[in-house]
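>>> structure for this input, please:
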Amino acid sequence: MIPAKPPGSEQNPPMNAIDILLDGYGRVREAVAQAADGLDADALNHRLDHEANTIAWLLWHLTRVQDDHVADVAGAEQVWTARGFADRFALSLPTDDTGFGHTSDRVAAVRVDSPALLTGYHDAVYEQTVAYLGRLDEGDLDVVIDDMWDPPVTLGVRLVSVIADDLQHAGQAAFLRGLVLRR
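Numbers count the residues shown, from 1 in each chain. Next comes the predicted model:
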């Protein structure tokens, strides 16, 4: 069942698939900003135990994955290297590391002292994502970009999977924020 439209909504233009993707990535951006807002280095890097992820790691990782995946399908250089974020973060990790499969030691290697660095990187990745989405039309979303899977992965499926993964990690960061601020 489709809910009734709220008053005034008839003035909104109809959404297409690209608009929905833009909205999804915008929601990720908002969640990242809220999770990082006002935190100091101690809060960003606090681990609940020696195996736990930190807020900094979660936000860095979700942004690295979005940067990696969107740059790949866009045929662009990642913001991480193109805009100097790899140097600004100065992590003791390989430049192409996105955090996938990190051990506890690798999670600990992602230390960030400023929420502005995390949100600045995410904002830059968001801008590159929006610019790429602006070049697409709905038909592009059906193009198979990875036939190593069964069924093969289309561009639309890849872009939605990044949003889903990002929102899960942003939610984890928001949950940790609540725990860290209450300690």
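>>> element containing Ile18?
Element membership for Ile18, per DSSP states H and E: helix 17-36.
>>> and after that helix, which helix or strand comes next?
Defined by DSSP H and E, the subsequent element after helix 17-36 is helix 41-45.
>>> that next one - contacts with which helices or strands?
Helix 41-45 is packed against helix 55-74, helix 155-182, with contacts defined by 3 or more CB pairs under 8 Å, 6 or more residues apart in numbering; DSSP states H and E. The way it works is simple: take the backbone N, C-alpha and C, and place the C-beta from them, glycine included.
>>> want to throw those into JSON lines with mean neighbour count?
Output for those, formatted as JSON lines (neighbours: other CB atoms under 10 Å):
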{"stretch": "helix 55-74", "mean neighbour count": "24"}
{"stretch": "helix 155-182", "mean neighbour count": "17"}
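>>> any idea which of the ones you listed gets closest to Asp137?
helix 155-182 (11.2 Å; CB to CB).
>>> where does pLDDT dip in the protein?
Across the chain, the ranges flagged by pLDDT under 70 are 1-10.
>>> try it again at 90.
1-15, 182-183 (pLDDT under 90).
>>> other residues contacting stretch 174-183?
For stretch 174-183, contacts defined as CB atoms under 8 Å, 6 or more residues apart in numbering pick out Ala31, Gln34, Ala35, Leu39, Ala43, His46, Leu48, Asn53, Thr54, Ile55, Leu58.
>>> turn those into a markdown table, columns for distance to Ser92.
Compiled in a markdown table, those are given as follows (distance: CB to CB, whole Å):
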| residue | distance to Ser92 |
| --- | --- |
| Ala31 | 28 |
| Gln34 | 29 |
| Ala35 | 24 |
| Leu39 | 22 |
| Ala43 | 22 |
| His46 | 20 |
| Leu48 | 23 |
| Asn53 | 17 |
| Thr54 | 15 |
| Ile55 | 19 |
| Leu58 | 19 |
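>>> any quick ChimeraX command for the buried ones out of the residues you listed?
To isolate the buried members of the contacts of stretch 174-183 in ChimeraX, using 16 or more other CB atoms under 10 Å:
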select :31,35,39,43,46,53,54,55,58
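>>> list just the nearest of the contacts of stretch 174-183 to Tyr126.
Tyr126 lies nearest to Ala31 out of the contacts of stretch 174-183, by CB to CB, at 11.5 Å.
>>> would you confirm that that closest one contacts Gln172?
No - contact status for Ala31 versus Gln172: not in contact, 10.4 Å apart, counting by CB atoms under 8 Å.
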